[in-house]
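Q: Give me a 3D structure for the following:
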Amino acid sequence: MDYSLANRKSAGMARGRNSALVEAFGAVLLEARSSAGLSQEELAFQADVDRTFVGLLENAKRQPSISVLFAMAGALGLAPETLVERTRKKMAKR
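A: Numbers count the residues shown, from 1 in each chain. The predicted model follows:
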């Protein structure tokens with residue numbers, strides 16, 4: 001795959017950020033958190049991240065690192081690949 005700057009810009013991924021992907025992940029995280037019956041504060045505590053960071057992720061203001069993805073998944077009782085697959089499926093519907 002070509003990850004040159006010109007190709008990333010044409011794919012909407014300038015500087016490594018794909019807004020649609022970040023929005024899809026945020027929606028998936030919100031759905032998973034709600035299904036687990038957790039507040040943002042409870043999820044943040046269990047994932048060992050700042051309380052406000054969960055809201056920033058859910059509102060597509062930030063994107064997770066790989067370590068945060070694993071921490072969020074663990075706190076939700078899910079495999080990291082489950083969050084990734086749900087995000088991929090949400091992206092495919094767009």
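Q: Work out for me the element the nearest residue to Lys90 once chain neighbours are set aside sits within.
A: Sequence neighbours aside, Ala24 is the residue nearest to Lys90 in space, at 4.2 Å (criterion: CB to CB, 6 or more residues apart in numbering). From N, CA and C alone the C-beta is placed, and that goes for glycine too. Assigned by DSSP states H and E, Ala24 falls within helix 19-36.
Q: Which residues belonging to the helix or strand encompassing Leu83 are considered buried?
A: In this assignment (DSSP H and E), Leu83 forms part of helix 80-92. Counting neighbours by 16 or more other CB atoms under 10 Å, one finds that the buried residues in helix 80-92 are Leu83, Arg86, Thr87, Lys90.
Q: For this protein, give me the ranges with low pLDDT.
A: Applying pLDDT under 70 to the chain picks out residues 1-16.
Q: Let me see the contact set for the most centrally placed residue in it.
A: Among the residues of the chain, the one closest to the centroid is Phe25, at 3.5 Å (CA atoms, centre = their mean). Applying CB atoms under 8 Å, 6 or more residues apart in numbering, we find Phe25 in contact with Leu57, Ala60, Gln63, Pro64, Leu83, Thr87.
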